[in-house]
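Peer 1: What follows is a predicted protein model with its sequence.
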Amino acid sequence: MRRTICAILRASPAIRDNGVLFRRLIAVAIVAGLIGGLALSLAQRWQVIPIIVQAEKFESLKINAAGEAQAADIEHDGHDHSHDQDWAPSDGVERTLFTILSNVLTAIGFALVLVALIAAASLKFGKSPKITAISGCMWGLGGFITFFVAPSFGISPELPGASGAALESRQWWWMATVICSGAGLYLAYILSSPWKWVGLAILLCAPHIYGAPHAENLYEGLPIAIADQLSELSKEFLLASGLSSLILWLVLGGFSTWAVRRYIQSES
């Protein structure tokens, strides 16, 4: 495995221009994303997926209830309406493979951002990353706070069966929170002015002062007993998904810091 990684990262010659630097960054991000995505998939398999499967059983009750109500309306109207069901991977191997693929692609996207920031801090701002467990963990924790902790204070990860606010409004708030949190943490790292902590506090708090969009009733259409069970599952899901996300970011941070130091900064 180590020889394969080294072969990929050494595929291009020594860095002499921006084009070669870009290719080297992409190679590092792909390898980091592959390792991180596999680690995330293992973590999810251990605790996250069982919770999702259990929540899907409650979601099916909600869907069946809605289907019965729709069928009653159709029968009352005297019209026959057919609706195509959305495609979804079947349980078992197919679902597992699609989950792993999704995790790897997501991890590669995160790694592209992380590697670019580490390289920029090293090459442009003189913040040389040292090959230590602490430095890798710090970069990983920064990504974890940016992409999971900060958004979760406003919008927690939702289980199947929960009815959140409008998707578009949640997406815009999530992106704004990630940008503000990430920018604040990065500026606090590269700047030397003591005012950077004030800026960090403002950027971290701004999205939450504005307020995240929420639905009036997360478990609308479900019986009270099932809604209570789903609410308890949501708490477990938050902890489980947080742990798996932390594992992902620690892997990405550790490998990316080592790879930038070893294959980019040392040859720039």
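Peer 2: Noted; the coordinates are in hand. Given the structure is predicted, the values throughout are model-derived calculations rather than measurements.

Peer 1: Which residues are in contact with A119?
Peer 2: 21, 25, 260, 264-265 (C-beta atoms under 8 Å, 6 or more residues apart in numbering). Backbone N, C-alpha and C define where each C-beta goes, glycine included.

Peer 1: Most neighbours among the residues you listed, please name it.
Peer 2: Among the contacts of A119, V260 has the most neighbours (other C-beta atoms under 10 Å), with 30 neighbours.

Peer 1: follow-up on the earlier one: which of the contacts of A119 fall within helices?
Peer 2: Mapping the contacts of A119 onto helices (DSSP state H) picks out 21, 25.

Peer 1: Please report how far G182 lies from A43.
Peer 2: 23 Å (C-beta to C-beta, to the nearest Å).

Peer 1: And the contacts of A119, which is closest to F125?
Peer 2: Closest approach to F125 among the contacts of A119 (C-beta to C-beta): Q265, at 12.3 Å.

Peer 1: Averaged pLDDT, stretch 214-232. What do you get?
Peer 2: Taken as a whole, stretch 214-232 has an average pLDDT of 71.

Peer 1: measure it end to end?
Peer 2: Using C-alpha to C-alpha, to the nearest Å, one end of stretch 214-232 lies 18 Å from the other.

Peer 1: Same question for stretch 37-48.
Peer 2: 14 Å.

Peer 1: What residues of it count as buried?
Peer 2: By neighbour count with 16 or more other C-beta atoms under 10 Å, stretch 37-48 contains the buried residues 37-41, 43-44, 48.

Peer 1: Name the spans of the stretch 51-200 of the chain whose pLDDT lies under the cut-off.
Peer 2: 59-91, 126-132, 161-164 (pLDDT under 70).

Peer 1: Which stretches in it count as helices?
Peer 2: Along the stretch 51-200 of the chain, counting by DSSP state H, counting those that start in this stretch, helices occupy 93-123, 133-144, 150-152, 167-190, 196-210.

Peer 1: so what's the spatially most central residue of the chain closest to, chain neighbours aside?
Peer 2: The centre of the chain sits closest to F147, judged by C-alpha atoms, centre = their mean, with a distance of 6.0 Å. Counting by C-beta to C-beta, 6 or more residues apart in numbering, F147 lies nearest to V178, which is 5.9 Å off, once chain neighbours are set aside.

Peer 1: Touching, the one you found and V149? I think so.
Peer 2: No. Using C-beta atoms under 8 Å, V178 makes no contact with V149, being 10.9 Å away.

Peer 1: Looking at those two, which is more packed in?
Peer 2: V178 (17 against 14).

Peer 1: The more buried one and G33: what is the separation?
Peer 2: Counting by C-beta to C-beta, the gap from V178 to G33 is 18 Å.

Peer 1: Equivalent analysis for T96, please.
Peer 2: T96 sits 18 Å away from G33, going by C-beta to C-beta.

Peer 1: Give me the phi and psi for H214.
Peer 2: phi -130, psi 150 (degrees, to the nearest 10).

Peer 1: Without its sequence neighbours, what residue ends up closest to it?
Peer 2: Distances taken as C-beta to C-beta, 6+ apart put A165 closest to H214, at 5.5 Å, once the chain neighbours are dropped.
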